[in-house]
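Student: sequence first, then the predicted structure, then my questions.
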Amino acid sequence: MPVNIAAYKQISTDLSKAKVSLVAVSKTRPVEEILGLYHLGQKDFGENYVQELVEKYERLPKDIRWHFIGHLQTNKVKYIAPFVSLIQSVDSKKLLNEINKQAQKNNCIIDCLLQVHIAEEETKFGFNESELAEIMNSDFSQLKNIQIIGLMGMASLTSDRKKIGNEFRYLKNQFDKYSQSSIINYQFSILSMGMSADYKMAVEEGSNMVRIGSLLFGNRD
């Protein structure tokens, strides 16, 4: 299925006016479709699987900013560390340590978002409120090759708009809390929440980065 050019132009224009970044979720999509959006000016793409991301990185233009948005296993960090722009799905201190280790090996600094569990589904990963507080109060002085620059979350898969709004509002409150905190040295700047079905509500609740796939590429097979 070809890229929905009209939808892309409308969404990117609307988001640009709202000063919200668009990450095009390109998992399972062929490089030809990604190039279609790239040639329209899209530079940020999100992938869920390490092997697929590495293969696409090797085949596509090197000025693409790759976001890893899926559950990341520690033993696979080394494959994406040399080139990833932002790891959005950090859900453990162990993973942070490994990202720092691999970034050090590649003589780079890797930007990270902490994934917060805001939905009811048990299948979604992320820190709960007490775990987030614990990690935000950790000593990061040894982790010189990472920067925690914000939070990411996924709302429940439901048609209950009130519930989704409450989940987004909760994550925005957590983002604001740590943005104003002096316990971290990093500049909290990114709140990544909202996907194809709920991104407009996420933007209303304060998101400044959304992850959209099916509206741009059509539904996956």
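Tutor: Looks like it came in fine.
Student: nearest spatial neighbour of L53, skipping sequence neighbours?
Tutor: E47 (4.0 Å; Cβ to Cβ, 6 or more residues apart in numbering). Heads up, the C-betas are built off the backbone N, CA and C, glycines and all.
Student: got it, and K163?
Tutor: The shortest distance from K163 to any non-neighbouring residue, by Cβ to Cβ, 6+ apart, is to S156 (6.0 Å).
Student: show me the contacts for the one you found.
Tutor: Contact partners of S156, counting by Cβ atoms under 8 Å, 6 or more residues apart in numbering, are A119, E120, E121, K163, I164, E167.
Student: can we see that at 10 Å?
Tutor: S156 makes contact with I118, A119, E120, E121, K124, K163, I164, N166, E167, D198, according to Cβ atoms under 10 Å, 6 or more residues apart in numbering.
Student: ok, F188 next?
Tutor: 113-114, 136, 148-151, 175-181.
Student: which one's the longest helix in the protein?
Tutor: Ranked by number of residues, the top helix in the chain under DSSP state H is helix 161-179.
Student: all helices for this protein, in order.
Tutor: So, for the chain - with DSSP H - the helices run 5-17, 31-38, 50-59, 77-80, 93-105, 129-136, 161-179, 199-204, 214-217.
Student: quick one on the thing from earlier: other SSEs contacting the longest helix of the chain?
Tutor: Judged by 3 or more Cβ pairs under 10 Å, 6 or more residues apart in numbering; DSSP states H and E, the packing partners of helix 161-179 are strand 110-116, helix 129-136, strand 146-153, strand 190-193, helix 199-204.
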